[in-house]
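> I would like to see how this sequence folds:
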Amino acid sequence: MLEARTRLEELQICSNDYTKISSDYGFQHESLKRLYISNNNITEWQSICRLGRLFSRLETLIASDNPLESFRSDEDVNICFSHLHTLSVDKVEISEWDDIVALTKLPRLNAVRIQLTPLLKPYQKDERFFLLLGYMKNITKLNGSVITANERETSERRFIRYYSQRDDKPQRYYELTEKHGNLKPLVDIKIRAPYLINVRLVYNQITHDKEIDVRQTVQQFKKYLHETFKIPLTRLRVFYVDDVAFNMGVCGPEELKYPQRLLHTYNIHDGDQFHIDLKPDPPKPQYSNRTVDTTRHNKKSTDSNSTNSSTSSDDDKTNLSVEISPFSLDSLQKLAEEETINNNNINQTSIELDNLYPSTDKNVQIKMNDEDDDLLLAAAAAAACNNNLEFLSNGLEGRSRNPVSLLIDNLIHPDADLGARLQSKIKWRHDPSSSIDHICLGRGGIGGIWNQLTSKHLQTVSMADWMELPNYPFITFRQHLRMHRCRLSTNNEQIITDDENSKRATYDEIRSYYIHYVKRNRLINYFRNGCEVTSIERVCIDSSYYDDLTEEIRTPEALWEIRGFEEQTKNLFIIHAKYIVLATGISQEITRPLGIIGEQVSQSFTYTNLHDIEEIIVNKKRLRKNSKPLLVIGCGLTAIDVILLCQQYSIPILHVFRRAIDDHELVLNQLPANIYPEFERIKELIKQSSTITTSTSSDWFYQCCAQSEVISITEDGTVNIRNLRTQIIKDYNISCVVRLTGNEVKIPFLRSLTTKKCPGININPYTYECIDFENIYALGALAGDKLIRFLQGGALACAASLFKKYRQTSSINRLSFNVSSRTRTVQIID
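Below you'll find the model as predicted:
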């Protein structure tokens, strides 16, 4: 074969169970430059040298995953590997440094990959680095990292100090002492406490001795405990016990409440204990409008001998001990005391919710009762009224990085992450008197991105009730939709749908729900659809004026000027507003580029969202069952949706992603099978495809390339894919590419905003106001809340901040400028 292919430049003979290369082939192949012989059973370096004689101009040799016992041979390496500059010998069985010295005799070798060997196992990572560099003087790239001049000098100096105290000094030691001189050992001075501490983890009365890194945060430590003991994060409680102080009776257990606090701030020492406990299951929610004296709550908090209160009202004789989560009893007690002091009323505390829009029923007075679930509602109400959201939301953990979103989500969807479907603890009420004049500009129609996600088969990852908005349950919408279909039925027969009782909703249902919600609540007049915003800039539309009331010259406040055009008529418009709320989401078209060869020339057949793929499959029918495979890059939720769509239409798939199949961070490994059966089928398909070349199910072609990356794409549809584990490169012919590698946050109309290294805009987590832009707020994905269930918390925080600002400006200066803060200025330019 080699004699027939004299121009061959690359040869891959991996995984063939070769044990030795014993033949001298009698000729030299002078064109081959890259040889892959990984994952075989070659033990002698002599066999590798024979390949070097056969391929006289070999430049790259990948010989990892071979049980090579030595790199020493009687062969003249100047002849065998005269052009070799890159060598990978990872996962070999060498055990002596003389073998590393043997590699230094290769005349042009400058890049080496070697990690998992018996030789390096006894050393720490930094020791391996400086020892390898110390021995190999010509190496410029080690294990994929370029060696700088400073790293080279530092490693050589550490090499000298390492061997200066040993009797078995290698020849390289004397060479380096001539270069750097005889260096004295450095004095080991430790000026900080150790970061690896041996502690005891106590769970279910069983003690586990573990070594932990105290540089991590409480949140990271809880994730470690979650993985170790398989405890749900939402139910995990951790108490720190200082062993010495506890035995002396100085202090008791301290609960780890604050997720961003570093462990070393607890002054942890060897032998200290962490007790792991579970939060009890939440009680069945009970709602009441009754009035209860808050002195009962204060009395209980100060009377340590009393376990149940007996001072409840006549209509409440039940004593119920409730574990309040996520609020601590101390926090609620402090809040109640603050309310009592502020109102100068020590007998009772009334909380009326007439400060927010939408707000809870302001006609209902909610009283503190430590034995009732209404305590959670009271806490949220007090926080909203007093703008004390920061106090109540401190220490919460969940799927959002914003504490207010977590607070409101815990009240609207109690224990949702545990699978519970409990009733909301918040009642919303529309109060028109508290409304703020506003206008909503959108490029598309009502519903935003959901207008592009119209599938009647694909389902949302979130539960259906997580997607609903205030005062309109999703189950009610489904009933209305079903009744509407019945009325439209020609034969007036009963229509039965399987989706009515489904825990999850289809994309088409969500789109219809949001459109119907706007119409049902008569919000349509606030929307301006088909408007493209081109710029947002700070301007001052009025000049200074004399205020007769204060007898002062006043300078009007600057406003935000929003410019854009209507897509249908192309008419330009200008809007001046004091406040702006950005809720644009993250563009599905702007995904992170791969940075590979041919990425630009392949743009004509590269897609970045589900809508475009659905268009070419369902409507344009450019992809069919007999087409070349569709290349799917990525393994997130959108990528799985694309695969499910292709499975429905039997479109062949070539699936590439960088993570391992069993990686816990892979989204498929985080979803329960009983709730997401279609995702579980794809997960099983990926596992099956990893064991065989391709997977076919009902004539559907699917091939998975896990732990792989795309390195190039040609204009004719040829893609080169490299396995990150074996470094093997394979070619495939494809029809199209769908690149789903994550979206970039870009807001072109706000040019001064920089979001290159941030998954969202930098906001105040308790008001959602942009830190870099006064009076501009961000909601949803821009603020880091990518799940719809967290939007209501962000909207509430934003509304609370707007009302607070409005009251301040209206009370201090009602005539600061001739355009009221509640009035919009709209100018249409033909």
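> going forward, measure contacts between C-alpha atoms and count neighbours the same way
Noted.
> So which bits of stretch 467-481 are buried?
467, 468, 469, 474, 475, 477, 478, 481 (16 or more other Cα atoms under 10 Å).
> Now flag whichever of the residues you listed is closest to residue 408.
Nearest to residue 408 among those is residue 469, at 12.9 Å by Cα to Cα.
> From residue 451, how far out is that closest one?
Using Cα to Cα, to the nearest Å, residue 469 is found at 18 Å from residue 451.
> Residue 771 and residue 777 touch, don't they?
No - in this structure, residue 771 is not within contact of residue 777 by Cα atoms under 8 Å, at 9.0 Å.
> any shared contact partners between these two?
Residues touching both residue 771 and residue 777 by Cα atoms under 8 Å, 6 or more residues apart in numbering: residue 763.
> which of those two has more neighbours?
Neighbour count, other Cα atoms under 10 Å: between residue 771 and residue 777, residue 777 has more, with 26 against 14.
> and that one, which of the three is it?
State at residue 777, reduced to three classes by DSSP: H, G, I helix; E, B strand; the rest coil: strand.
> Please name the bridge partners of it.
residue 581, residue 769 (DSSP bridges).
> what's near enough to touch it?
Residue 777 touches 579, 580, 581, 582, 763, 768, 769, 770, 798, counting by Cα under 8 Å, 6+ apart.
> about what we covered before: with the buried residues of stretch 467-481 in mind, which one is nearest to residue 195?
residue 467 (43.7 Å).
> Do you know the pLDDT at that closest one?
Confidence at residue 467, expressed as pLDDT, is 77.
> Please report the distance of it from residue 768.
Residue 467 sits 21 Å away from residue 768 when distances are taken as Cα to Cα.
> same question for stretch 574-591, mean pLDDT?
Mean predicted lDDT for stretch 574-591 stands at 78.
> Would you map the helices across the stretch 351-500 of the chain?
Using DSSP state H, counting those that start in this stretch, the helices of the stretch 351-500 of the chain run over 374-385, 389-393, 403-412, 474-488.
> that older thread, could the buried residues of stretch 467-481 be laid out in JSON lines, adding distance to residue 66?
Converted to JSON lines, these look like this (distance: Cα to Cα, whole Å):
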{"residue": "467", "distance to residue 66": "53"}
{"residue": "468", "distance to residue 66": "57"}
{"residue": "469", "distance to residue 66": "60"}
{"residue": "474", "distance to residue 66": "59"}
{"residue": "475", "distance to residue 66": "60"}
{"residue": "477", "distance to residue 66": "63"}
{"residue": "478", "distance to residue 66": "61"}
{"residue": "481", "distance to residue 66": "64"}
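> among the helices of the stretch 351-500 of the chain, where is the model least confident on average?
What stands lowest among the helices of the stretch 351-500 of the chain, in mean pLDDT terms, is helix 374-385, with a mean of 49.
> Go through the top helix by length along the chain and flag the buried ones.
Determined from DSSP state H, the single longest helix within the chain is helix 791-812. Across helix 791-812, burial judged by 16+ other Cα under 10 Å covers 791-804.
> In which helix or strand does the closest residue to residue 16 other than its chain neighbours reside?
Closest residue to residue 16 in three dimensions, ignoring its sequence neighbours and counting by Cα to Cα, 6 or more residues apart in numbering: residue 40, at 6.0 Å. Using DSSP states H and E, residue 40 is not contained in any helix or strand.
> shouldn't residue 40 be in contact with residue 48?
No - counting by Cα under 8 Å, residue 40 stays clear of residue 48, with 11.8 Å between them.
> More neighbours: those two, which one.
Shown here are residue 40 and residue 48; by other Cα under 10 Å, residue 48 has more neighbours (23 against 20).
> helix, strand or coil for the residue found closest to residue 233 once you drop the neighbours it is linked to in the chain?
In space, and not counting its chain neighbours, residue 233 is closest to residue 226: 6.1 Å by Cα to Cα, 6+ apart. Under three-state DSSP, residue 226 falls in the helix class.
> Identify the residues contacting residue 226.
232, 233, 236.
> what's the pLDDT at residue 71?
For residue 71, the model assigns a pLDDT of 88.
> quick check, it in a helix?
No - according to three-state DSSP, residue 71 belongs to no helix; its state is coil.
> That one: what's it in contact with?
45, 94, 99, 100, 102, 103.
> Give me the distance between the residue nearest to residue 233 and residue 669.
Distance from residue 226 to residue 669, by Cα to Cα: 15 Å.
> same question, residue 230
14 Å.
> Please identify which of these two sits among more neighbours.
Counted by other Cα under 10 Å, residue 230 and residue 669 do not tie: residue 669 has more neighbours, with 15 against 10.
> surely that one meets residue 663?
Yes - the criterion here is Cα under 8 Å, and residue 669 meets it with residue 663 at 7.4 Å.
> Would you confirm that residue 631 belongs to a strand?
Yes - Residue 631: assigned to a strand according to three-state DSSP.
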